[in-house]
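A.B. asks: Here's a sequence, model it:
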Amino acid sequence: MIIEFEAEVFRWDAREDSAWFFTAVPAELSEDIREIPRPYRGFGSVRVRARVAGTEWATSIFPSSSDGTYVLPLKKAVRDAEGLVDGGPVYVRLEVLDG
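C.D. replies: Numbers count the residues shown, from 1 in each chain. Have a look, this model is predicted:
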């Protein structure tokens with residue numbers, strides 16, 4: 001399954017000194033991902049291949065405890081390479097590898 005979406009970059013707010021940044025998969029796409037039969041992985045994670053502009057990497061998305069969507073971690077190397085900033089837009093292509 002391949003999905004594409006545009007969303008906002010946000011900093012993990014559980015800690016003020018956090019350097020963790022994410023973007024949220026929209027609710028309707030998160031529901032589609034949740035319906036894919038797959039084995040359970042730690043923390044409910046789903047393996048994906050992510051692409052933001054010219055940067056592609058293998059990672060996992062994780063269910064958000066606050067709203068039921070999945071969140072994609074955006075590591076520093078990706079943010080730097082693609083000029084992503086807190087509160088800014090990001091266009092993401094995800095290939096779901098589990099399922």
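A.B. asks: Find the residue at the geometric middle of the protein.
C.D. replies: residue 72 (1.5 Å; Cα atoms, centre = their mean).
A.B. asks: Backbone dihedrals for it, both of them.
C.D. replies: phi -110, psi 120 (degrees, to the nearest 10).
A.B. asks: which strand residues sit across from it in the sheet?
C.D. replies: Taking DSSP bridges, one finds residue 23 as the beta-bridge partners of residue 72.
A.B. asks: Looks like it contacts residue 25 (just checking).
C.D. replies: Yes. Contact criterion Cβ atoms under 8 Å: residue 72 and residue 25 qualify, at 6.6 Å. Every residue, glycine included, has its C-beta placed from N, CA and C.
A.B. asks: so what's residue 9 up against?
C.D. replies: By Cβ atoms under 8 Å, 6 or more residues apart in numbering, residue 9 lies in contact with 21-23, 74, 79, 84-90.
A.B. asks: try 7 Å this time
C.D. replies: Residues near residue 9 by Cβ atoms under 7 Å, 6 or more residues apart in numbering: 21, 23, 74, 84-88, 90.
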